[in-house]
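K.L.:
I'll drop the sequence and a predicted model, then ask my questions.
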Amino acid sequence: MTVYAYAESTSCVQEGVLRFHLAHTSRAPARGSVTVEDVAADLPMLSTRFDGPTWTLEVPDYWPSSLYRAVFTSDEGSSEGFSDVYFVVRSARPGSPILLSIPFPTWQAYNRAGIPGESIYWTEEPTRAAKVSFARPGGGPPPERWEEGMLRWLGPAGYDVDYCSGLDLHDGAELLSGYQLLVVNGHDEYWSAGMRDNVERFVARGGNLAVFSGNTCWWQFRLEDDGRTMVCYRDAVTDPMATVEPGLTTVEWSSAPVNRPENTLTGVSFRRGAGTWGPYMQRMLEESYTVRFPEHWVFAGTGLGEGDKFGQGAIGYETDACDFVEVDGVPLATGRDGTPPSFVILGTADLRHWHRYGQGGMATMGVFGLGAGTVFTASTVNWGNTLHDLAVDRITRNVLDRLSARVGGWEVIGGAESFRALTVFGSRLYGVASDDSLFVRDVSAQNLRWRRVGTAPGVVAMATPREATAVHPIGLYGLTSDDRLVYHDPDDGWITLADAPSGGVGLGMVNGELFAANPEGLWRLGPDTSGWSPAGSSGGAVALTAMNGRLYIADAEGRIRTRPPVATPAEWTDLCDAGGCTVLTAHAGTLIGTAPDHPLFQRAPVPDL
C-alpha cells in the first residue's frame, strides 16, 4: 500500500462525526481520493478528496444504518495502492426491531495473523501478541467474508435492520433496550465480559437472540485505553488478571479460572464442535444438516421431514455443538457441558471424521428459552453464505419473523398423536390413547418418543397430586367414561375409589382436593368428604388441570381460563389462546396440551402478547 488508514471508532451514529488517520509510506503528506460504499447494499455513497494526516467524515442523517467501507487511494499510488477501513453507521434511533452486530473484535484479533508481536494469532505460537490496537490499519473481514452473505441477503429479502459494532455491545445495555432481536452473524469468536453480560440481560428480560454464527463467544477479551486496545493473553499463567479478578481472565470462556461456558448464552460451544482448516477447509462444502424435529416452527414451510438433509455448504469450517445422547432415535441435550435444560436440538451434523482435518465433533442447530427471551443458534460459520439454499432461506425467515417480536404462545414439543388424557407424574408425562393404551415420555421440549407402559381402560381425564396426603398417595388418578374416580396402583392396576360426576371432561388436584369438570359445572371432592359437591360453573370446560394453587381450563371457545381452587363459585379469568388443545395438563410453570391428531404443545400460562 502507499497509504495507510484507520478510524478512531468501529461505529458512528447517524449525524455523527468519524475521524480517520492517514499515513503515507514515503512519509510525505497523504493526499488522494476517498470513496465510501454501503457494503450491505453494495452502493457508492460518497467520493471526495483527502489531504493531510486526518480526514473527517460527517455522516448524513439519511445514510442508512449499515456496514460501510471507506477506500483511501493515494495520488502517487498504483491501482492497487489503497487502504480500506470498515465501520458501522448506527441508527440515531431504532428503525427496526432487529439489530445486527458486526464482529469487529474477531476481525481485529485476526488482523496481521502470524506476524510476531502484531496479532493475537496464531493460537499456540509464543510470539503472538497479548495486546493489539484498534488504532492501526486492517481489522476488516477475512478473505472468506463469512458475514457478507447475510448482509447482502437481508435487504432484498425484505428485512430492514439496524447495525452496530460488536464493541457497541460492551456498554450496550441502553442500545439493546431499543430492539427485540439481536442477530449475530458469521464468525463472532471474541466477546468481552461487558458484551456477554449485556446480551444475557437483554435476553433474560424478553429480548431474543439469533446466532447465525459458529465458534461464537469462544474467547474472552478485555478492553484498555478507552476501548482502543484489545487484550487477550489466551493463557491464565501470563494474564495478570488471573490473580486479581479471575472471572475476567482472557482465556476460553469455558476454561479455568473463568468457568463460564458459552453454552449458557448460545446453548452450544466449539468445545463439542468441529473444525476443518488450511488445505482441508473446502471439506465443509460437502456437509449438510439432518432434520431431527420437523414439526418445530423453525422448519415451517420447508417441507422437510424427519431425517432429511438440508443446507449443504452451510456447515462452515468451524461449528458449535452441545453434548447430547440419542434416546430412541431422538437427540437429547445432557446439560453436562453447561447447555441449558430447555435446549431443543433441531438439526445435527456428524463431523467426527473431521479429526483428520482439524477437530472432529458435531454441529447442533437448536433453540432454547433464556429467562423471558428465546435464543436460536445455527451453530455454524457459513450459514449466511448459503442463503441461496431454499431451506436455509426459509429457516432464516422463520427465525427473523418470529424472534423480531416478543415470543409467546404455544410451542410444539412432540409430533401428532391421539391422546384423550394427559398428566405429569414426577418428571414423566403420561398419556391415554384412544385405544386405552397408557404411554409415557419424559417432560421435555425435545420431541421425545412415547413408550407404551400399560393400559388405562376408559380413562378420559387424569391428574396427579403435587405431593402425597394422608388420603391421596402420589400416583395417577383418573376419571372414566362410566363415571368413576380411579387410582393406578403399581401392583393392582386401576382401582375404583368413588363415583364421579357424569360426563367428566377434566380432573385436577390441589392440596389434597380433587376438582372435576363436566357440562353441568365444577365439582369438588375434599379430603374429608365422600361425595362431590358443586363449586360453581365449569366455564364451558373441555379440559381441566391444576398447577401452583390454581385451576386451568381449556374451554369450548378455544381459550385458557383460570380461577382459584375454592369450594364456592368463582369467576373464570380469561388468560390466553388454547392453541386448539382439548386435552390439558401442567408442570413446572407450563401448560401442556394436545388434541386428537394434534401435536403436543406447551406454553407458559401468561396472557397473550
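P.N.:
Arrived safely.

K.L.:
element containing the residue nearest to the spatial centre of the chain?
P.N.:
Taking Cα atoms, centre = their mean, the centroid of the chain lies closest to Val375, which sits 1.5 Å from it. Assigning secondary structure by DSSP states H and E places Val375 in strand 373-377.

K.L.:
what do you get for Leu551?
P.N.:
Using DSSP H and E, Leu551 falls in strand 550-555.

K.L.:
and Phe202, by the same measure?
P.N.:
Going by DSSP H and E, Phe202 is in helix 193-204.

K.L.:
chain center to the helix or strand following that helix, what's the gap?
P.N.:
For helix 193-204, the succeeding helix or strand toward the C-terminus, using DSSP H and E, is strand 208-213. Distance, stretch centre to chain centre, for strand 208-213: 6 Å (Cα atoms, centre = their mean, to the nearest Å).

K.L.:
can you spell out which helices and strands pack onto strand 208-213?
P.N.:
Contact partners of strand 208-213 among helices and strands, from 3 or more Cβ pairs under 8 Å, 6 or more residues apart in numbering; DSSP states H and E: strand 181-186, helix 193-204, helix 263-266, strand 373-377, helix 390-403. Any C-beta I mention is one placed from the backbone N, CA and C, and that applies to glycine too.

K.L.:
that one to strand 181-186, inter-axis angle?
P.N.:
Using axes from the mean of the first three to the mean of the last three Cα atoms, to 10 degrees, the direction of strand 208-213 lies 10 degrees away from that of strand 181-186.

K.L.:
Thr423 reaches Ala463, doesn't it?
P.N.:
Yes. Thr423 is within contact range of Ala463, at 5.6 Å (criterion: Cβ atoms under 8 Å).

K.L.:
shared neighbours of these two, anything?
P.N.:
Tyr477, Thr545, Thr585 (Cβ atoms under 8 Å, 6 or more residues apart in numbering).

K.L.:
most surrounded residue in these?
P.N.:
Per-residue neighbour counts (other Cβ atoms under 10 Å) across these peak at Thr585, which has 34 neighbours.

K.L.:
quick check: bridge partners of it?
P.N.:
Assessed by DSSP bridges, Thr585 has beta-bridge partners Ile592.

K.L.:
how far away is it from Gln602?
P.N.:
According to Cβ to Cβ, to the nearest Å, Thr585 and Gln602 sit 10 Å apart.

K.L.:
list residues touching both of those two?
P.N.:
With Cβ under 8 Å, 6+ apart as the test, Thr585 and Gln602 both reach Leu591, Ile592, Gly593.

K.L.:
before we move on, the earlier item: turn the helices and strands packed on strand 208-213 into CSV, including distance to Leu429.
P.N.:
Below are those laid out as CSV (distance: least, Cβ to Cβ, whole Å):
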stretch, distance to Leu429
strand 181-186, 31
helix 193-204, 27
helix 263-266, 25
strand 373-377, 22
helix 390-403, 25
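
K.L.:
CSV for the ones you listed, including distance to Leu285 and mean pLDDT?
P.N.:
As requested, those are exported to CSV (distance: least, Cβ to Cβ, whole Å; pLDDT from 0 to 100):
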stretch, distance to Leu285, mean pLDDT
strand 181-186, 17, 98
helix 193-204, 31, 98
helix 263-266, 24, 98
strand 373-377, 21, 97
helix 390-403, 14, 98
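
K.L.:
what's the closest of those to Thr573?
P.N.:
strand 373-377 (26.0 Å; Cβ to Cβ).

K.L.:
re the thing from before, quick one: the strand holding Val375 to strand 208-213, angle?
P.N.:
10 degrees.

K.L.:
list the neighbouring strands of strand 373-377 plus their orientation.
P.N.:
Here, using DSSP bridges, strand 373-377 pairs with strand 208-213 (parallel), strand 361-370 (antiparallel).

K.L.:
the strand holding Leu551 packs against which elements?
P.N.:
strand 506-510, strand 541-547, strand 559-563, strand 583-587.

K.L.:
and of the ones you listed, who's closest to Val412?
P.N.:
strand 583-587 (15.0 Å).

K.L.:
show me what the closest one is packed against.
P.N.:
Checking 3+ Cβ pairs under 8 Å, 6+ apart, strand 583-587 ends up next to strand 419-425, strand 541-547, strand 550-555, strand 590-594.

K.L.:
other residues contacting that strand?
P.N.:
419-424, 429, 443, 462-463, 506, 543-547, 552-554, 591-595, 605.

K.L.:
between that strand and strand 550-555, how big is the angle?
P.N.:
Using the same axes, to 10 degrees: strand 583-587 against strand 550-555 is 150 degrees.

K.L.:
for strand 583-587, the distance to its chain's centre please.
P.N.:
The mean C-alpha position of strand 583-587 is separated from the chain mean by 25 Å, Cα atoms, centre = their mean.

K.L.:
relative to strand 506-510, how tilted is it?
P.N.:
20 degrees.

K.L.:
secondary structure element holding Met150?
P.N.:
Element membership for Met150 (DSSP H and E) is helix 148-154.

K.L.:
so what touches that helix?
P.N.:
Helix 148-154 is contacted from outside by 39-42, 66-67, 100, 141, 161, 185-186, 212, 383-387, 396, using Cβ under 8 Å, 6+ apart.

K.L.:
that's all I had, so thanks and see you.
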